[in-house]
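Chemist: A structural model of the following input is requested.
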Amino acid sequence: MRDADAEFMTAATAEVRGRSSEEHDLVIADVRIRIMVAGSSLTTWLGGALNCRLEPSSGAADAQLFVATGYPFPPPPWAADDYINGHRIRHLVGGERLATFDVERRILNMYDHATTTGMFWCHDVADLPDWEFGAPLRSLLTWVLRHRNIHLVHAAAVGEPLVGGVLLAGRGGSGKS
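Modeler: Next comes the predicted model:
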């Protein structure tokens, strides 16, 4: 990680760690992901889609994700020409470190495989696009799990606990909803 990226990640996670009001574990395929949340509106946002999977924090975690909204945040260290295809950052698209930053909506996703630490920050939950409510932390979870050879799929499901369900897989916009 470039020094500026490392400093940014350290400052950002320290800000959330100092303000964290809630901590949950999300377990997916035996991977324990600790989520530290700073901001009550984020707990509501996360709980909608992930509530049935969130557990009280316990034991060691395989990865830790810091999640925050609205707090003063260090300015991202990337210049305008560092962005490719919208939100991706040129030197953080592959390898051990990954990041996206939506400048318009002010939404950051950043993950470091070496430290198994990730960061999600948005200026305001109201600025999140609709799909973020159905798949919160999608980029971070994809990055954490892919490194362990577990892959998320783009799908929709419908069902009831006692009856069962149907999973519909397909590309975005293919009509699953």
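Chemist: contacts, neighbours, all on C-alpha from now
Modeler: Noted.
Chemist: Tell me the helices and strands packed up against the longest helix along the chain.
Modeler: Criterion DSSP state H: the longest helix present in the chain is helix 3-19. On a contact count with 3 or more C-alpha pairs under 8 Å, 6 or more residues apart in numbering; DSSP states H and E, helix 3-19 meets strand 31-38, strand 63-69, strand 117-122.
Chemist: Looking at those strands, spot the one closest to Pro56.
Modeler: strand 31-38 (9.4 Å; C-alpha to C-alpha).
Chemist: In terms of secondary structure, what does that closest one contact?
Modeler: Counting by 3+ C-alpha pairs under 8 Å, 6+ apart, strand 31-38 packs on helix 3-19, strand 22-28, strand 63-69.
Chemist: distance between that strand and the chain's centre?
Modeler: Strand 31-38 has its C-alpha centroid displaced from the chain centroid by 10 Å (C-alpha atoms, centre = their mean, to the nearest Å).
Chemist: before we move on, what about stretch 85-102?
Modeler: Offset of stretch 85-102 from its chain centre (C-alpha atoms, centre = their mean): 13 Å.
Chemist: so Gly39 makes contact with Thr69?
Modeler: Yes - between Gly39 and Thr69 a contact is recorded at 6.2 Å, counting by C-alpha atoms under 8 Å.
Chemist: picking up where we left off before, give me whichever of the helices and strands packed on strand 31-38 is most buried.
Modeler: Most buried of the helices and strands packed on strand 31-38, by mean neighbour count (mean count of other C-alpha atoms under 10 Å): strand 63-69, with a mean of 25.
Chemist: Now the helix or strand just after it: average pLDDT?
Modeler: As assigned by DSSP states H and E, the chain's next helix or strand after strand 63-69 is strand 83-84. In this model, strand 83-84 has a mean pLDDT of 82.
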